[in-house]
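> Pasting the sequence and the predicted coordinates here, then a few questions.
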Amino acid sequence: MATPNLYSFRTDEAEFKTYCGGNLGGENESCAEVAPLAGVSDAFVIRDNKPESGGAELRFTGPEMDRLALGWVRDRNLSA
């Protein structure tokens, strides 16, 4: 089955979880917000939480998100 166009789904009622970088705090904190994409099985939306980002989003299927996260962990020599 083909993956639907993930950008055709709305996110106005998505429940985002915020992950911050811990740098400057307040309005200048580097944070990304992640939420499941409603209406699609196993898909996610990532966005920058700062007003100047203009609402830019990236959308991934579950397997794409997993590859992104696991690749980052591997490349940075991180462990959970």
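Yep, it's here.
> which one is Leu6 nearest to, not counting chain neighbours?
With sequence-adjacent residues excluded and distances taken as C-beta to C-beta, 6 or more residues apart in numbering, Leu6 is closest to Arg59, at 3.8 Å. For the C-beta atoms, the positions are set from N, CA and C on the backbone; glycine is no exception.
> So that neighbour sits against Leu37, correct?
Yes. Shown here, Arg59 and Leu37 form a contact pair, counting by C-beta atoms under 8 Å, at 6.3 Å.
> Look at these two and report which has more neighbours.
Leu37 (22 against 19; other C-beta atoms under 10 Å).
> do you know how far that one is from Ser30?
To Ser30, Leu37 is 23 Å away according to C-beta to C-beta, to the nearest Å.
> Return the set of buried residues in the host helix or strand of Leu70.
Using DSSP states H and E, the element containing Leu70 is helix 62-75. Buried residues in helix 62-75, counted by 16 or more other C-beta atoms under 10 Å: 64-65.
> Show residues contacting that helix.
Helix 62-75 has contacts (C-beta atoms under 8 Å, 6 or more residues apart in numbering) with 42-44, 60, 78-80.
> quick revisit: is the residue nearest to Leu6 in a bridge, and if so with what?
Beta-bridge partners for Arg59, by DSSP bridges, are Val45.
> can you map out the strands along the chain?
Counting by DSSP state E, the chain has these strands, from start to end: 17-20, 31-36, 43-48, 57-61.
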